[in-house]
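Visitor: Provide a 3D model corresponding to the input given below.
(chains A and B)
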Amino acid sequence: MELNARIPSGPIQDKWDKARFEMKLVNPANKRKHSIIVVGSGLAGGSAAASLGELGYNVKCFCFQDSPRRAHSIAAQGGINAAKNYQNDGDSVYRLFYDTVKGGDFRAREANVYRLAQVSVNIIDQCVAQGVPFAREYGGALANRSFGGAQVSRTFYARGQTGQQLLLGAYQALERQVQAGTVQMFPRTEMLDLIVIDGHARGIVTRNLVTGDIDTHLADAVILGSGGYGNVFYLSTNAKGSNATAVWRAHKRGALFANPCFTQIHPTCIPVSGDYQSKLTLMSESLRNDGRIWVPKKKGDKRPPDQIPEDERDYYLERKYPSFGNLVPRDVASRNAKHVCDEGRGVGQTGLGVYLDFSDAIRRLGRKTIEDRYGNLFEMYERITDEDPYKVPMRIYPAIHYTMGGLWVDYYLMSTIPGLFVIGEANFSDHGANRLGASALMQGLSDGYFIVPYTVGDYLATNKLEKVNESHPEARNAVACVQQTVQKLLSIKGKRTVDSFHRQLGKIVWDYCGMSRTAEGLETAIAQIRELRDEFWENVNVPGSADDLNQSLEKAARVADFFELAELMCIDARERNESAGGHFREEYQTPDGEAQRDDENYAYVAAWEYRGYGNYPTLQKEPLEFEYVHPSQRSYK
Amino acid sequence: MRVRLKIWRQKSPNTRGQFVSYPVDNVNPDMSMLECLDVLNEQLTENGEEPVAFEHDCREGICGSCGFMINGIAHGPLPATTVCQLTMRHFKDGEELLLEPWRARAFPLIKDLIVDRRAFDRIIASGGYISVSTGSAPDGNTLPVPKEAADRAMDAAACIGCGACVAACPNASSSLFTGAKIAHLGTLPQGKPEKDRRAIRMVTQMNLEGFGGCTNIGECTGVCPKEIPLEVIAAMNRDYLRGNWHARDNVVTTIRPFTEWSYGSKLQIDEQSQS
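Guide: Model (predicted):
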């Protein structure tokens, strides 16, 4: 299979205009005759379903939650970037493009990133018109802040709940289309397979999570906006229900999976406190603006923090990176926290934590200022840990937060299966090997509101699709596969719970394919994952039946897919013999311990083709060319 | 610590439910209420029983999926906290906790602690939006929004749609939920053109769903995890009344002669003002 990214020719600033002009249009009167399936109702899926409904297509939108408003986009805190230059501080579309390509450690596609930066300005306008209550200045203008170490203030925000407000905007637009009759909403319905007929994506097989019914839904195009796969790690900042089943089943039907090893670890999360822990809670990275990170200089120093004198503390980020200090990017901050904990200098009962200390800031600025800036975060920390961060330094530890990898898509966001489009975190396209803060919301909405509504139209206008019905052999085959998996999971009746397998899988992936990786460790991980997967299919215990609401069954099917995806992540990480962004291979580092890219051999997108379970997947490479932003070594010393 | 969980178990809407009591030992005070249920569910699965079905997703208090009554209080005893962020240290060692689902006619039960809250989606679909299609928006700074208005709108917009307000209300009214959306959109200049229509349609839909009326008890705001203020209900009532009044204006499009009734009432008013 030859990968063709279909990047339009011409100067980068004209590519999207050119592509839009060259796209074929669907006659307005014919739009309602086309049906489109959207899987997922988050920022990407929700905004795509709403926009396609507005255009007049016949849309079916699916989510596993009880309402489209629950999608995990809702949990994003910090903000959304846009190149508005409202602050007159020198921002521009080109600067946002440049920052994003560089921040992604030169592993993203330039043309896509440029388009993202272009479209970013429309997103803010759209959201304001919808009534998203963005923060304002006293004069009534939109407020901005600088975020994630950016040199310009381009982040728009709604308190600490930007994701919630943007999602509710998309949700309301979606419900407006539900009322208008253009979108049919299917909550508590999970996609379990993709139907491919004559090489084109033509529908999905779903399970109704309340009645257990397995249904076929056919359409002229399928859009996946089902989010990322951070829950492979079991403990992550993702919602408990977030899963990779939709993308993984599409992958098994022929869609290539790109850069699975590019995962992001967020440095400021509340540490694990026990075996029962079900998820990790993130605290905004803005805390690093005033907090100082340190650990004791001595190994195994168990004294309470206030009894460790100043000269026995190691402010390791300030020591190693004097110019950026505590504000180094996410990947660097996370890796260093892991190093000091590995040395035995971690704090807290588990030894997996570092201090984030505000006592200097409180002394310098006064408690009031700190309260104004971080009051709600301090409150949340105290609610969870029962410690008062005004008096005792916070303890933080990195956690999996976002996955840059995903299904491979071309410039038109179409996967290697014609008619299957992938948007938002579910695709691989815009963040390269590391995502910058406040860029995920931007990408989800850009794909959903402004890109896929055009490109799907072009696909429908240029492809003559035969009418198909549910009795087509491919549709019946997909239904049979789903039923077989469900029955198999219920019939094993083994001794171990689904969660116990998931937890163990997460530990393997975290230990060997987490913050730092080695060839040897990855091979160990692959072997262990295979072994555990075999045990899962022989010894898992899924209680209940298939014909009612059965949360254990839902989890089991998702974990079964995580096993296969985890293996692919390790294979990809093993194959990429360089360090880039969130992918740090210990063998490839500079003399002073920083990530060492290998642009000569690895400036490509690794897209993997499924070859059946147990067979090594086939690697396809999409070479990346950097015409505008010249690759350089990231340095924060 | 150890607790005893007395939980409402009901297999399906059509079967009879009952409380079943389960001891949970080895409760860590740092674990959340939902993690405590996870521990119980692991035990139940290992013993060959069906685990307790409960709704949850983000587990950081923002998605609005989770929620049930603990000892008669929606989301439990800690103010401004959903059950996913409620840690067990707030309960006493050996305490018995009664867990039951939201109870309201408009929230039919699905299984155990899970209810169907689609009525909320239908209320939003009836008018809880600003009718602007993708692509038609002017520049974001074209319309200045006073900071105070943006802040007030945000206070109302913080609603997570969990349904605790309905569960806590003796009338099972959803006025706090509906009012929050009406207040959020009605406070912003962008939302003004549809203000009347929105209030009329959302309130009508709310009544159609079978929620009760508001009698100003205030339990809703007391249990609200986002502390949505009671004022949003006043905003809803104001907009609804004004909307109906304006709607009446719009119906009378021609000038008609005085009827006997209006003539009479006018006279009465005149007499009163003279006396």
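Visitor: Contacts only, for the closest residue to chain B within chain A.
Guide: Nearest to chain B in chain A, going by Cβ to the nearest Cβ, is residue A:140, at a distance of 2.7 Å. Backbone N, C-alpha and C define where each C-beta goes, glycine included. For residue A:140, the contacting residues are B:144-147, by Cβ atoms under 8 Å, 6 or more residues apart in numbering or on different chains.
Visitor: contacting residues around residue A:73?
Guide: When contacts are counted by Cβ under 8 Å, 6+ apart, residue A:73 touches A:42-44, A:46, A:163, A:166-167, A:441, A:444.
Visitor: Could you dump the residues you listed into CSV with secondary structure and neighbour count added?
Guide: Formatted as CSV, the contacts of residue A:73 follow (DSSP: H, G, I helix; E, B strand; the rest coil; neighbours: other Cβ atoms under 10 Å in any protein chain shown):
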residue, secondary structure, neighbour count
A:42, coil, 35
A:43, helix, 36
A:44, helix, 36
A:46, helix, 35
A:163, helix, 25
A:166, helix, 31
A:167, helix, 31
A:441, helix, 28
A:444, helix, 33
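Visitor: from those residues, which is closest to residue A:556?
Guide: residue A:42 (23.6 Å; Cβ to Cβ).
Visitor: out of everything not next to it in sequence, what's closest to the closest one?
Guide: What sits nearest to residue A:42 in space, not counting adjacent residues and going by Cβ to Cβ, 6 or more residues apart in numbering or on different chains, is residue A:71, at 3.4 Å.
Visitor: And residue A:421, by the same measure?
Guide: Residue A:421 sits nearest to residue A:223 (Cβ to Cβ, 6+ apart), 4.5 Å away.
Visitor: Not counting residues beside it along the chain, what's closest to the residue of chain A closest to chain B?
Guide: Using Cβ to Cβ, 6+ apart, the closest residue to residue A:140 is residue B:144 (2.7 Å).
Visitor: Is that neighbour in contact with residue A:138, as I believe?
Guide: No. Look at residue B:144 against residue A:138 with Cβ atoms under 8 Å: they stay out of range, at 10.1 Å.
Visitor: Closest to residue A:98 out of the contacts of residue A:73?
Guide: residue A:441 (19.8 Å).
Visitor: Spatially nearest residue to that closest one, not counting backbone neighbours?
Guide: Residue A:441's closest residue in space is residue A:80 (Cβ to Cβ, 6+ apart), at 4.1 Å.
Visitor: where do the helices sit along the stretch 251-400 of chain A?
Guide: Using DSSP state H, counting those that start in this stretch, the helices found in the stretch 251-400 of chain A span residues A:316-320, A:330-342, A:359-365, A:367-385.
Visitor: Just list what the second one packs against, helices and strands only.
Guide: The contact analysis (3 or more Cβ pairs under 8 Å, 6 or more residues apart in numbering or on different chains; DSSP states H and E) places helix A:330-342 against strand A:263-269, strand A:292-296, helix A:316-320, strand A:354-357, strand A:394-403.
Visitor: coming back round to it: the contacts of residue A:140: which two are farthest apart?
Guide: B:144 and B:147 (9.8 Å).
Visitor: residues touching residue A:90, list them.
Guide: residue A:152.
Visitor: secondary structure element for the residue nearest to residue B:203 when sequence neighbours are not counted?
Guide: With Cβ to Cβ, 6+ apart as the criterion, residue B:203 has its nearest non-adjacent residue at 4.9 Å, and that residue is residue B:240. Take DSSP states H and E as the rule and residue B:240 turns out to sit in helix B:231-251.
Visitor: In PDB, list the C-alpha atoms belonging to that helix.
Guide: Below are the C-alpha coordinates for helix B:231-251, written out as PDB (Å, rounded to 0.1, in the frame of the first residue of the first chain):
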ATOM      1  CA  GLU B 231     -31.200  33.200  41.200                       C
ATOM      2  CA  VAL B 232     -31.200  31.300  37.900                       C
ATOM      3  CA  ILE B 233     -34.700  30.100  38.700                       C
ATOM      4  CA  ALA B 234     -35.800  33.700  39.200                       C
ATOM      5  CA  ALA B 235     -34.100  34.500  35.800                       C
ATOM      6  CA  MET B 236     -36.000  31.600  34.200                       C
ATOM      7  CA  ASN B 237     -39.400  32.800  35.600                       C
ATOM      8  CA  ARG B 238     -38.700  36.400  34.600                       C
ATOM      9  CA  ASP B 239     -37.800  35.300  31.000                       C
ATOM     10  CA  TYR B 240     -40.700  33.000  30.800                       C
ATOM     11  CA  LEU B 241     -43.200  35.600  32.000                       C
ATOM     12  CA  ARG B 242     -41.800  38.300  29.800                       C
ATOM     13  CA  GLY B 243     -41.600  35.900  26.900                       C
ATOM     14  CA  ASN B 244     -45.300  35.100  27.200                       C
ATOM     15  CA  TRP B 245     -46.200  38.700  27.600                       C
ATOM     16  CA  HIS B 246     -44.200  39.600  24.400                       C
ATOM     17  CA  ALA B 247     -45.700  36.600  22.600                       C
ATOM     18  CA  ARG B 248     -49.200  38.000  23.400                       C
ATOM     19  CA  ASP B 249     -48.100  41.400  22.000                       C
ATOM     20  CA  ASN B 250     -47.100  39.700  18.800                       C
ATOM     21  CA  VAL B 251     -50.400  38.000  18.400                       C
END
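Visitor: so residue A:608 sits in a strand?
Guide: Yes. Counting by DSSP: H, G, I helix; E, B strand; the rest coil, one finds residue A:608 located in a strand.
Visitor: pLDDT averaged over stretch A:380-394 - what is it?
Guide: Stretch A:380-394 carries an average pLDDT of 93.
Visitor: hang on, I meant stretch A:182-200
Guide: Here the average pLDDT along stretch A:182-200 is 98.
Visitor: how many other residues sit next to residue B:29?
Guide: Using other Cβ atoms under 10 Å in any protein chain shown, the number of residues around residue B:29 comes to 13.
Visitor: close enough to count as contact, it and residue B:36?
Guide: No. Using Cβ under 8 Å, residue B:29 is not in contact with residue B:36, being 10.4 Å away.
Visitor: so who does the residue in chain B positioned nearest to chain A touch?
Guide: Residue of chain B nearest chain A, by Cβ to the nearest Cβ: residue B:144 (2.7 Å). Taking Cβ under 8 Å, 6+ apart, we find residue B:144 in contact with A:139-141.
Visitor: Let me know whether the residue nearest to residue B:203 touches residue B:206 as I believe.
Guide: No. Look at residue B:240 against residue B:206 with Cβ under 8 Å: they stay out of range, at 10.1 Å.
Visitor: More neighbours: which of these two?
Guide: Ranked by neighbour count (other Cβ under 10 Å), residue B:240 and residue B:206 place residue B:206 first, with 26 against 20.
Visitor: From residue B:160, how far off is that one?
Guide: Per Cβ to Cβ, to the nearest Å, residue B:206 is found 18 Å from residue B:160.
Visitor: can you list the weak-confidence ranges in chain B?
Guide: B:250-275 (pLDDT under 70).
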